[in-house]
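Q: Dropping the sequence and predicted coords here.
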There are 2 protein chains.
Amino acid sequence: MPALAPVLARIDADLDAAVARLFDLLRIPSISTDPAHADDCQRAADWLVADLTTLGFRAEKRATPGHPMVVAHHDGAGPHLLFYGHYDVQPVDPIDLWSRDPFDPGVEDTARGRVIRARGAADDKGQLMTFVEAFRAWKATHGTLPCRITVFLEGEEESGSPSLIPFMQAHAGELTADLALICDTGLFEGRVPAITTMLRGLVGEEITLRGPDKDLHSGMYGGAAINPIRVLTRILGGLHDDTGRVTVPGFYEGVDELPDAIRAQWQGLGFDHARFLGDVGLSTPAGEVGRTPLEMIWSRPTAEINGIWGGYTGAGFKTVLPAEAHAKVSFRLVGDQNPDAIRTAFRSWVRAQLPPDCTADFAPHGASPASRMDISAPAFEAARAALTEEWGVPAAYVGSGGSIPIAGYFKSILGMDAMLIGFGRDDDQIHSPNEKYDMESFHKGIRSWARVLDRLAG
Amino acid sequence: MPALAPVLARIDADLDAAVARLFDLLRIPSISTDPAHADDCQRAADWLVADLTTLGFRAEKRATPGHPMVVAHHDGAGPHLLFYGHYDVQPVDPIDLWSRDPFDPGVEDTARGRVIRARGAADDKGQLMTFVEAFRAWKATHGTLPCRITVFLEGEEESGSPSLIPFMQAHAGELTADLALICDTGLFEGRVPAITTMLRGLVGEEITLRGPDKDLHSGMYGGAAINPIRVLTRILGGLHDDTGRVTVPGFYEGVDELPDAIRAQWQGLGFDHARFLGDVGLSTPAGEVGRTPLEMIWSRPTAEINGIWGGYTGAGFKTVLPAEAHAKVSFRLVGDQNPDAIRTAFRSWVRAQLPPDCTADFAPHGASPASRMDISAPAFEAARAALTEEWGVPAAYVGSGGSIPIAGYFKSILGMDAMLIGFGRDDDQIHSPNEKYDMESFHKGIRSWARVLDRLAG
């Protein structure tokens, strides 16, 4: 078995070059939701194929009906590991809140340390490059990798992954490994290395309500004609009851109370609820009455309005009664909640509340169930030991409020377990202006993967 | 007293020349909201000063901080009448929906009769020229006018009339007459000559709700952090109760039930409620339970959400919890409702419903009370008789759902009553592409004013 120590030394020595490589990738504005950036998604995939090829991978860009996948294989003696990440990024608006061009990355010294600032720095280009750089260091040091590796990178994660399931089904043989490793999560409280074992699911819906067949003047029609914005606020304003529970009938089917053992473990993590809220200017938990923020985020389902628009939204005033009003609504799911059943129940609930002359159209945006990992598999304890060594504090099994549907797909489509390890921090501002990734996350993230490969190689 | 009949004959004989004069005015693109057309507003004012001068008026263009006013005086033996109109017009976009250049007027034969097609044909150049042409015919026929006349034309009506109140206050002595006549309204149902005696007031408010100090990811914070869109929909969704009444405390103070006499008169108008709603794709009145659309539009106050926006509103999906959410809300006022009191009550009502960590900011957009004319004044019955004679059907006293603030200003600033008479039709497409004014409206409008002058001269 080749020695780990020179691999780690190589990582330390090569850090500046690793940052420069990441910058090259960050400069490509691969915003997957915006059709104007389709070519940039192609360029990001090409860049990754080229980089993996230099490491001895048989790497290819694979076409899909949407943005391409990157699939790369490298032989090795140990177990077959599949590493997943995504090269697409979120939109950057509101652009005027950025302190720099989001696609002109830079290293900045901040009160909390050095950071890499750019859209995608943390989500997920910086994270996926942690495992790529770990491969590079192993190859540079020993000329080989300690395990057989498949890399699988998608470019539609931020836009609902429409091509993912068909692609996995069509390439099941090639993509099935002994274990999947997903690098798209974070440290616990910004300091404790963590393996995420519970993930919420997600259902997205876009609603369009229509009333009059044209925009009307409120002087002529106000009071007599239905206003779709008024209907939309009335319906969505009733999405939660006074205790914060979602009112859609059947919404809580499949939602179990947290087992006492897990609740006790989570309490032992010493999560700082006040700091968690205080970091974003808040002081009071806003969800279900009687539950802590950590419990709500990791173990409770939600309904949120992520966007709303209708009527006149420019400067000044226009007394219009609009013909249409719109909203984007998403549900975070836990336990055995069924995404399709929730979508159906929501649509029925909206339609049942429509007044005369008002119609509703719905467009789906993704559906994934919640995921729970089987932490009794030996690889979990091996990875936990590797992370504990690197970070100097015991690694934790944690939940996540986010949705990483692919974790469930690896199990349901390819029959393999998935382990989620990542090095993001809560203040990374992913999906917001001024996204960053801590230099420490990048550096120790690369070292962590080098150690995990060493441990999993057995 | 000079005879009316030759005046009317002169109007009929001079119609083609009157249309040609109107075309000269319509060719000037006096769009008041667009600074690029400031010179055109000057040109329109100059044109009107020159035309009124040829009729023997002492006419002047008067500077304001914005576009100029036109003020013109003509002596006469009878009562002193002030005629109001505006020479500015709405923007023309979307320009590609026009069937002709909006500033190259033409007479077109349509299924509903001959029309004058151009921006401003109805709102308000065609209408203001009806009284100017009536003056011309009186002068041409008798060498004099039957009343003392002041003409007062503004060039900022389509952009909020920012200079109007200061100008009226500064020139109160010159502008105060026995009665104001405003030509900026329409026929009832396109066939019945009408004097508008009730106008709704208007209060506009823009609301900004703020929660977290930055946009958040709903995976990380959903369930624990307050979402301003959720708060906004909950509050605005409660703006009306199940019967359609506005729930802001004190909102109905100053709102009286319609007197039985007026209700009976309105019922006698034979308003086609089904057609009114059907023309815009609706079938069911949406306002207060138990009231007809006409009653709601003319005599009841409303609260409407004219615009709403927040979070991600682009293509695709973004699971953001936004830092802010916004809405534009307006109230149409009737009776003695106090605009300032309503604004204050609305703000208090919103603030009382804010959860912890959520703040509200408000920006005002205009405030005008409702107007009710005293129809017991003899001039009203005189004008009604004149209109009835011209159109061959009994003229009606009607309400208006819209707000024409100047009617209130004539009373509050100059202490004089105002009478609103106009000849527009609902299908004139004012503020929209393909604006037109019916040739019948123009011709019979001129004749109507000739008769009103005759009657008011006593």
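A: Nice, thanks for sending it over. Numbering: from 1, shown residues only, chains lettered A, B, ... in the order given.
Q: What pLDDT is listed against the residue nearest to A:Glu288 when sequence neighbours are not counted?
A: Residue nearest to A:Glu288 in three dimensions, not counting chain neighbours: A:Gly244, with 4.2 Å by C-beta to C-beta, 6 or more residues apart in numbering or on different chains. Glycine gets a C-beta too; all of them are placed from N, C-alpha and C. Per-residue confidence at A:Gly244 stands at 94 (pLDDT).
Q: mind checking the SS state of A:Gly244?
A: Per DSSP: H, G, I helix; E, B strand; the rest coil, the secondary structure class of A:Gly244 is coil.
Q: and A:Thr284, how many neighbours?
A: Neighbours of A:Thr284 under the rule other C-beta atoms under 10 Å in any protein chain shown: 12.
Q: distance of it from chain B?
A: Applying C-beta to the nearest C-beta, to the nearest Å, the value for A:Thr284 to chain B is 4 Å.
Q: Find the residue closest to that residue in space, skipping its chain neighbours.
A: Nearest non-adjacent residue to A:Thr284, counting by C-beta to C-beta, 6+ apart: B:Pro356, 3.8 Å away.
Q: is it true that that neighbour touches A:Leu277?
A: No - using C-beta atoms under 8 Å, B:Pro356 is not in contact with A:Leu277; the gap is 10.3 Å.
Q: So if I had to pick from these two, which one is more boxed in?
A: For B:Pro356 and A:Leu277, the more surrounded residue by other C-beta under 10 Å is A:Leu277, and the numbers stand at 21 against 11.
Q: how near is the more buried one to chain B?
A: Using C-beta to the nearest C-beta, A:Leu277 is found at 7 Å from chain B.
Q: Wait, a helix at that residue?
A: Yes - under three-state DSSP, A:Leu277 falls within a helix.
Q: can you pull the pLDDT of the residue of the stretch 51-200 of chain A found nearest chain B?
A: The minimum distance from the stretch 51-200 of chain A to chain B, using C-beta to the nearest C-beta, falls at A:Ser159 (5.0 Å). A:Ser159 is assigned 89 on the pLDDT scale.
Q: surely it meets B:Lys318?
A: No - assessed by C-beta under 8 Å, A:Ser159 is found out of contact with B:Lys318, at 9.1 Å.
Q: Are there residues contacting both of these two? Which ones?
A: A:Thr33 (C-beta atoms under 8 Å, 6 or more residues apart in numbering or on different chains).
Q: tell me which parts of the stretch 301-450 of chain A are close to chain B?
A: Residues of the stretch 301-450 of chain A found near chain B (C-beta under 8 Å from any C-beta of the partner chain) are A:301-302, A:304-313, A:316-322, A:325-326, A:328, A:330, A:332, A:355-357, A:365-366, A:400-403, A:426, A:429-433.
Q: which element is the residue nearest to A:Trp266 when sequence neighbours are not counted on?
A: Excluding the flanking residues, the one nearest A:Trp266 by C-beta to C-beta, 6+ apart is A:Leu294, at 6.0 Å. Using DSSP states H and E, the element containing A:Leu294 is helix A:293-299.
Q: With adjacent residues omitted, what lies nearest to whatever residue of the stretch 351-458 of chain A ends up closest to chain B?
A: Residue nearest to chain B within the stretch 351-458 of chain A (C-beta to the nearest C-beta): A:Gly402, separated by 2.7 Å. Nearest residue to A:Gly402 in three dimensions, chain neighbours excluded: B:Gly219, at 2.7 Å (C-beta to C-beta, 6+ apart).
Q: Let's verify the one you found: helix, strand, or coil?
A: Classification of B:Gly219 using three-state DSSP returns helix.
Q: neighbours of it, just the number please.
A: B:Gly219: 23 neighbours (other C-beta under 10 Å).
Q: Next: A:Ala261.
A: Residues lying near A:Ala261 (other C-beta under 10 Å) number 8.
Q: what comes up buried for the host helix or strand of it?
A: A:Ala261 is located in helix A:260-268, with elements delineated by DSSP H and E. For helix A:260-268, the neighbour count (16 or more other C-beta atoms under 10 Å in any protein chain shown) marks A:262, A:266 as buried.
Q: helices or strands up against that helix?
A: Packing partners of helix A:260-268 (3 or more C-beta pairs under 8 Å, 6 or more residues apart in numbering or on different chains; DSSP states H and E): helix A:293-299, strand A:396-400.
Q: At which residues are the helices of the stretch 301-450 of chain A located?
A: Ranges of helices within the stretch 301-450 of chain A are A:339-352, A:378-391, A:405-414, A:439-456, based on DSSP state H, counting those that start in this stretch.
Q: hang on, I meant the stretch 51-200 of chain A
A: Per DSSP H, counting those that start in this stretch, the stretch 51-200 of chain A carries helices over the ranges A:125-142, A:164-170, A:172-175.
Q: what's the most buried one of those?
A: Mean neighbour count (mean count of other C-beta atoms under 10 Å in any protein chain shown) peaks for helix A:125-142 among these, with a mean of 24.
Q: Would you map out the domains in chain A?
A: Per the record, chain A has its domains at A:5-199+A:371-456, A:201-255+A:301-368, by automatic domain parsing.
Q: before we move on, back to that, so which of the helices of the stretch 51-200 of chain A gets nearest A:Phe251?
A: With C-beta to C-beta as the measure, helix A:164-170 is the member of the helices of the stretch 51-200 of chain A nearest A:Phe251 (24.6 Å).
Q: Now find how far off-centre the closest one is within its chain.
A: Taking C-alpha atoms, centre = their mean, to the nearest Å, one finds helix A:164-170 lying 19 Å from the centre of the chain it belongs to.
Q: Briefly note if that helix comes near chain B.
A: No - Helix A:164-170 lies out of reach of chain B by C-beta under 8 Å from any C-beta, never closer than 14.9 Å.
Q: which stretches of the stretch 1-150 of chain A aren't confidently modelled?
A: Along the stretch 1-150 of chain A, the model assigns pLDDT under 70 to residues A:1.
Q: Write out the residues of it neighbouring chain B.
A: Within the stretch 1-150 of chain A, the positions lying close to chain B (C-beta under 8 Å from any C-beta) are A:33-35, A:90-91, A:93.
Q: and which of these is nearest A:Thr54?
A: So of the residues of the stretch 1-150 of chain A next to chain B, ranked by how close each gets to A:Thr54 (C-beta to C-beta), first place is A:Gln90, at 28.3 Å.
Q: With A:Pro29 as the reference, measure out to that closest one.
A: Applying C-beta to C-beta, to the nearest Å, the value for A:Gln90 to A:Pro29 is 11 Å.
Q: still on that earlier bit, give me every residue that touches the residue nearest to A:Thr284.
A: Contacts of B:Pro356 by C-beta under 8 Å, 6+ apart are A:283-284, A:286, B:226.
Q: Which pLDDT value goes with it?
A: In this model, B:Pro356 is scored at 95, pLDDT.
Q: how close does it get to B:Tyr221?
A: B:Pro356 sits 15 Å away from B:Tyr221, taking C-beta to C-beta as the criterion.
Q: closest point of the stretch 251-400 of chain A to chain B, which residue?
A: Chain B sits closest to A:Gly281 of the stretch 251-400 of chain A, with a gap of 3.1 Å, by C-beta to the nearest C-beta.
Q: ok, how many other residues are close to A:Leu15?
A: Neighbour tally, A:Leu15, other C-beta under 10 Å: 15.
Q: mind listing the strands in the stretch 101-250 of chain A by residue range?
A: Assigned by DSSP state E, counting those that start in this stretch, the stretch 101-250 of chain A shows strands spanning A:106-110, A:113-117, A:148-154, A:179-182, A:194-199, A:201-210, A:216-217.
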